[in-house]
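Student: sequence? don't have it. structure:
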């Protein structure tokens, strides 16, 4: 595998007309992850006409990621990430049993200027892990960084090109982000974020808007307030999200920064929403950590949902974590009630 990755990097560099000396190839570093997940879920649905109970689904997934980085010069690095997974589960929406090049790009960094050119993750508050082929560039001036990006092809459903511009920085004790994200023939998205620490508490406020190009779709607004801190050895956190009566700010994935999620509990793209999410975690032993999360949401005037999640994480080694999780979810949509439970055991090895 290492020889294959090195050959791929050498070929990529040669195409670009850059040096492919043995010294450059020898600086290749590797990192990766092996993830194994087994889940068991039940789904009970009750409405005015019938009850469907006891539907059970089990799933098993093995996910593999390997990243190779080769330093071509003091300012240029070639990056290749390959991945494969055996099933469609919570972490992977689709399955791809063939090893594919997930990311392939050149990274440049020099005197405050950074750039990534090639196939890479689309990094905006509205997206989460979708792939795009294009250019991301940034320039840091003191405590402020300007970012611009264009992805000519992408994996966000059937939407067109993605454009992004942002200012990220710090002024005094306050961190800020200002984003403008355009999705061709779909929407223009604005996001503003301020965050900082007050009396040991980490506080954040996020305001996002979406102007849809389709006149039939109402423009959306979402606001997220969050706070977190530590009392004794217990980590506590809380989030509140609300969306406009007509629509919420657009997100491509429920893990995007402009929304919140637990397991089945999601708040993304829901109109007229008011949601709360709280969590607590604490070490039980030096290697065992326990966590509890709760979320509740009311949306679309008459719909609601809530979920409780209990989790134990065991550090089997410095690079290996075993996690057991149980989630109990209930929702009511148009008078139809659905109850879901999920038990999951996963093992993650990073190297």
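Tutor: Everything's here; your move. What you see is a predicted model; the values in this text were computed from it and never measured.
Student: any idea which helix or strand comes after the helix or strand harbouring residue 237?
Tutor: Here residue 237, judged by DSSP states H and E, is contained in strand 234-243. Next along the chain after strand 234-243, taking DSSP H and E as the criterion, comes strand 274-283.
Student: Please name every helix or strand in contact with that next one.
Tutor: Strand 274-283 is packed against strand 234-243, strand 288-299, with contacts defined by 3 or more Cβ pairs under 8 Å, 6 or more residues apart in numbering; DSSP states H and E. Using the backbone N, CA and C atoms, a C-beta is placed for each residue, glycine as well.
Student: Just give me how far that strand sits from the chain centre.
Tutor: Relative to its chain's centre, strand 274-283 lies at 18 Å (Cα atoms, centre = their mean, to the nearest Å).
Student: Partner strands of it and their direction?
Tutor: Strand pairing for strand 274-283, determined by DSSP bridges: strand 234-243 (antiparallel), strand 288-299 (antiparallel).
Student: buried stuff in the longest strand seen in the chain?
Tutor: Criterion DSSP state E: the longest strand present in the chain is strand 51-71. If you call a residue buried by 16 or more other Cβ atoms under 10 Å, then strand 51-71 has these buried ones: 61, 63, 65, 66, 67, 68, 69, 70, 71.
Student: Give the bridge partners for the third one, please.
Tutor: In this structure, residue 65 has the following beta-bridge partners (DSSP bridges): residue 33, residue 83.
Student: Let me see the contact set for it.
Tutor: With contact set as Cβ atoms under 8 Å, 6 or more residues apart in numbering, residue 65 has these partners: 32, 33, 34, 35, 81, 82, 83, 102.
Student: Tell me the spacing between it and residue 84.
Tutor: Using Cβ to Cβ, to the nearest Å, residue 65 is found at 9 Å from residue 84.
Student: and the closest residue to residue 268 other than its chain neighbours, what does it touch?
Tutor: In space, and not counting its chain neighbours, residue 268 is closest to residue 259: 3.7 Å by Cβ to Cβ, 6 or more residues apart in numbering. Shown in contact with residue 259 (Cβ under 8 Å, 6+ apart): 222, 224, 241, 248, 251, 266, 267, 268, 269.
Student: one more time with 7 Å
Tutor: 222, 241, 251, 267, 268 (Cβ atoms under 7 Å, 6 or more residues apart in numbering).
Student: Just send these back as a markdown table, with neighbour count too.
Tutor: Listed next are the contacts of residue 259 as a markdown table, based on neighbours: other Cβ atoms under 10 Å:
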| residue | neighbour count |
| --- | --- |
| 222 | 28 |
| 241 | 24 |
| 251 | 26 |
| 267 | 28 |
| 268 | 23 |
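Student: Check the residues you listed and tell me the two furthest apart.
Tutor: Spanning the widest gap among these are 241 and 251, at 11.3 Å by Cβ to Cβ.
Student: got a list of what the closest residue to residue 266 other than its chain neighbours touches?
Tutor: Leaving aside its chain neighbours, residue 266 sits nearest to residue 254 (4.2 Å; criterion: Cβ to Cβ, 6+ apart). By Cβ under 7 Å, 6+ apart, the contact set of residue 254 is 261, 266, 268.
Student: so the first one sits right up against residue 253, yeah?
Tutor: No. With the criterion set as Cβ atoms under 7 Å, residue 261 and residue 253 do not qualify as a contacting pair; they are 9.0 Å apart.
Student: Mind giving me the PyMOL select for the contacts of residue 65, buried ones only?
Tutor: Buried members of the contacts of residue 65 can be picked out in PyMOL with the line below, counting by 16+ other Cβ under 10 Å:
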select buried, resi 32+35+81+82+83+102
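Student: of all the contacts of residue 65, which comes closest to residue 142?
Tutor: residue 81 (32.0 Å).
Student: Buried residues of the strand or helix carrying the closest one, list them for me.
Tutor: According to DSSP H and E, residue 81 maps onto strand 76-85. Of the residues in strand 76-85, 76, 77, 78, 79, 80, 81, 82, 83, 84, 85 count as buried by neighbour count, 16+ other Cβ under 10 Å.
Student: what's across from the closest residue to residue 116 other than its chain neighbours in the sheet?
Tutor: The shortest distance from residue 116 to any non-neighbouring residue, by Cβ to Cβ, 6+ apart, is to residue 136 (4.6 Å). Beta bridges link residue 136 to residue 116, residue 149, judged by DSSP bridges.
Student: same question, residue 279
Tutor: For residue 279, the beta-bridge partners are residue 237, residue 293 (DSSP bridges).
Student: what's the burial count for it?
Tutor: 18 (other Cβ atoms under 10 Å).
Student: swap in residue 31?
Tutor: Neighbours of residue 31 (other Cβ under 10 Å): 12.
Student: Checking my notes, it in a helix, right?
Tutor: No. Looking at residue 31 with DSSP: H, G, I helix; E, B strand; the rest coil, it is strand, so not inside a helix.
Student: wait, it sits on residue 68?
Tutor: No. Judged on Cβ under 7 Å, residue 31 makes no contact with residue 68 at a distance of 8.4 Å.
Student: all helices of the stretch 51-200 of the chain, in order?
Tutor: Taking DSSP state H, counting those that start in this stretch as the test, none of the stretch 51-200 of the chain falls into helices.
Student: any weak-confidence spans in it?
Tutor: Along the stretch 51-200 of the chain, the parts satisfying pLDDT under 70 run over 51-55, 87-97, 153-159.
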